[in-house]
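>>> Next come a sequence and a model predicted from it.
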Amino acid sequence: MKTHLINDTAPSARGPASAALLRVLTTPTERTVPELSVLADTVERALGTTEDILTDDDLQLTLYLLYLLHYGPAEFVHGDWEWSPELLRVRKQIEVQLEDVLRLRCPLPTVLPVNGEEVSETLFSMTADAARPTLATWAARHASVEQLREFLINRSIYTLREADPHTWAIPRLRGRAKAALVEIQTDEYGGGNPERVHAEIFARTLRNFDLDDRPDAYLDVVPAVILNSVNTMNLFGLNRRLRGATIGHLAAFEMTSSIPNKYYSRAFTRHGYGEEITLYFDEHVEADAVHEQIAGRDLAGGAADDDPRLIADIIFGASASLVVDGLSGDHMHEKWTTGQTSLRHVQEGR
């Protein structure tokens, strides 16, 4: 499949909030945008009527697009909206409710750890069960080729920008924790070798599976729970006050990666696929077994020792990682075991 670098097609709206935002983003900033004046009210109404922001397609897409302004490429965006005060206020509206719901779903333990060593042990204890994942073990035995195709599509939303949301925390740390995060991210970005950048390895996996490797090529078909996983990372990564949550999120993310990737590799191997598909997953079996120790002990433990005020948010971030990724895994597992697609609608060659 031909390699693509830029996705110049705007996604479809999923409700009034995302529709209003898309009208703003596709209008050059030098022109008057009537929708800009009503966007905040539209989002406020959506926030007031949603049953669950974590699974709300309209709000999750709206927040995803607002975060996308800090990344790119997004050629459908006309003009420079990244630092628009109006859009930043709208982003804050959604972030406040998302964080409130996450904190409600992820209550802190009655007794918090008090130092780096205790933080590390708490994280390893929290992630022990999640490191034996239902979805990955099921996929290794039962997933069809079409379900594995859907799995790659769902994963593409984050993995084509793998590591980027956590990298925002680097200038916000110091000492042992900063060094640990840089060590992990250096591996994620290929150690100076562009062929070894994890996002690029995954892009090759997509091409070898005859899928589109453009970031956000499949944005229209992935469900809200997938967007929520990425939005949660960006909520933590783009807000300095939540740097502790970024640390905890990454620690839990790394601690629950090695074993699942072993099973995902087996799932593809069972259908006759070779290294051209499995390399990404095999790479993470080894790399993340090392990363989990660095993230748990040097990154999280080091940050806790350097600034004990971060401890509560480190635990919160780890818990949030487990909850939101659990929602994504549960969604795919439930759909596939009942003979349904995990995507929003049947993929039509987009």
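Here it is on my side, so go on.
>>> give me the low-pLDDT residue ranges for the stretch 201-350 of the chain?
346-350 (pLDDT under 70).
>>> what's near enough to touch residue 155?
residue 202 (Cβ atoms under 8 Å, 6 or more residues apart in numbering). No exception for glycine: its C-beta is placed from N, CA and C like everyone else's.
>>> How about the secondary structure of it?
Under DSSP: H, G, I helix; E, B strand; the rest coil, residue 155 falls in the helix class.
>>> hey, where'd the helices end up in the stretch 201-350 of the chain?
224-237, 243-255, 258-270, 275-293, 301-306, 311-337 (DSSP state H, counting those that start in this stretch).
>>> hey, which of these is tucked in deepest?
helix 243-255 (a mean of 29; mean count of other Cβ atoms under 10 Å).
>>> Kindly calculate the angle that that helix makes with helix 275-293.
Taking axes from the mean of the first three to the mean of the last three Cα atoms, to 10 degrees, one finds helix 243-255 and helix 275-293 inclined to each other by 130 degrees.
>>> For the residue nearest to the spatial centre of the chain, give its distance to residue 151.
For the chain, residue 230 is the residue whose C-alpha lies nearest the centre (Cα atoms, centre = their mean; 2.6 Å). Note on residue 230: its distance to residue 151, by Cβ to Cβ, to the nearest Å, is 16 Å.
>>> what do you get for residue 335?
Separation of residue 335 from residue 151 (Cβ to Cβ) stands at 11 Å.
>>> Next, show the common contact partners of the two.
Counting by Cβ under 8 Å, 6+ apart, the contacts common to residue 335 and residue 151 are residue 342.
>>> related to what we said a few turns ago, would you tell me which of the helices of the stretch 201-350 of the chain gets closest to residue 96?
helix 224-237 (10.1 Å; Cβ to Cβ).
>>> got the contact list for the closest one?
Against helix 224-237 from outside (Cβ under 8 Å, 6+ apart): 54-57, 60-61, 63-64, 67, 70, 95, 98-99, 102, 154, 157-158, 165-169, 242-243, 245-246, 249, 317, 320-321, 324-325, 327-328, 331.
>>> Keeping just the C-alphas, turn that helix into CSV.
Provided in CSV are the C-alpha atoms of helix 224-237 (Å, rounded to 0.1, in the frame of the first residue of the first chain):
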residue,chain,number,x,y,z
ALA,A,224,-15.5,7.0,21.8
VAL,A,225,-13.7,4.7,24.3
ILE,A,226,-10.7,4.6,22.0
LEU,A,227,-10.6,8.4,21.7
ASN,A,228,-11.0,8.7,25.5
SER,A,229,-7.8,6.7,26.0
VAL,A,230,-5.8,9.2,23.9
ASN,A,231,-7.7,12.2,25.4
THR,A,232,-6.9,11.1,28.9
MET,A,233,-3.2,10.9,28.1
ASN,A,234,-3.4,14.4,26.6
LEU,A,235,-5.4,15.8,29.5
PHE,A,236,-2.5,14.8,31.7
GLY,A,237,0.3,15.6,29.3
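>>> just checking, residue 294 touches residue 184?
Yes. Between residue 294 and residue 184 there is a contact at 5.7 Å, judged by Cβ atoms under 8 Å.
>>> Tabulate the helices of the stretch 201-350 of the chain (JSON lines), appending distance to residue 144.
What follows is these, written out as JSON lines (distance: least, Cβ to Cβ, whole Å):
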{"stretch": "helix 224-237", "distance to residue 144": "19"}
{"stretch": "helix 243-255", "distance to residue 144": "27"}
{"stretch": "helix 258-270", "distance to residue 144": "10"}
{"stretch": "helix 275-293", "distance to residue 144": "15"}
{"stretch": "helix 301-306", "distance to residue 144": "42"}
{"stretch": "helix 311-337", "distance to residue 144": "8"}
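>>> Of these, which is nearest residue 12?
With Cβ to Cβ as the criterion, residue 12 lies closest to helix 224-237 of the helices of the stretch 201-350 of the chain, at 13.5 Å.
>>> so how far is that closest one from its chain's centroid?
Chain-centre distance of helix 224-237: 5 Å, with Cα atoms, centre = their mean, to the nearest Å.
>>> any idea of the pLDDT on residue 80?
Residue 80 is assigned a pLDDT of 86 by the prediction.
>>> got the CA positions of stretch 194-213 in PDB?
Only the C-alpha atoms of stretch 194-213 are listed here, as PDB (Å, rounded to 0.1, in the frame of the first residue of the first chain):
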ATOM      1  CA  PRO A 194      14.200   6.500  12.300                       C
ATOM      2  CA  GLU A 195      13.500   2.900  11.300                       C
ATOM      3  CA  ARG A 196      13.200   1.900  14.900                       C
ATOM      4  CA  VAL A 197      10.800   4.600  16.000                       C
ATOM      5  CA  HIS A 198       7.900   2.600  17.400                       C
ATOM      6  CA  ALA A 199       5.300   4.700  15.600                       C
ATOM      7  CA  GLU A 200       7.100   4.000  12.400                       C
ATOM      8  CA  ILE A 201       7.300   0.300  13.100                       C
ATOM      9  CA  PHE A 202       3.600   0.300  13.600                       C
ATOM     10  CA  ALA A 203       3.000   2.300  10.400                       C
ATOM     11  CA  ARG A 204       4.900  -0.400   8.500                       C
ATOM     12  CA  THR A 205       2.600  -3.000  10.300                       C
ATOM     13  CA  LEU A 206      -0.400  -1.100   9.000                       C
ATOM     14  CA  ARG A 207       0.900  -1.000   5.400                       C
ATOM     15  CA  ASN A 208       1.800  -4.700   5.500                       C
ATOM     16  CA  PHE A 209      -1.700  -5.400   6.600                       C
ATOM     17  CA  ASP A 210      -3.000  -3.300   3.600                       C
ATOM     18  CA  LEU A 211      -4.200  -0.500   5.900                       C
ATOM     19  CA  ASP A 212      -3.800   3.200   5.700                       C
ATOM     20  CA  ASP A 213      -0.800   4.500   7.700                       C
END
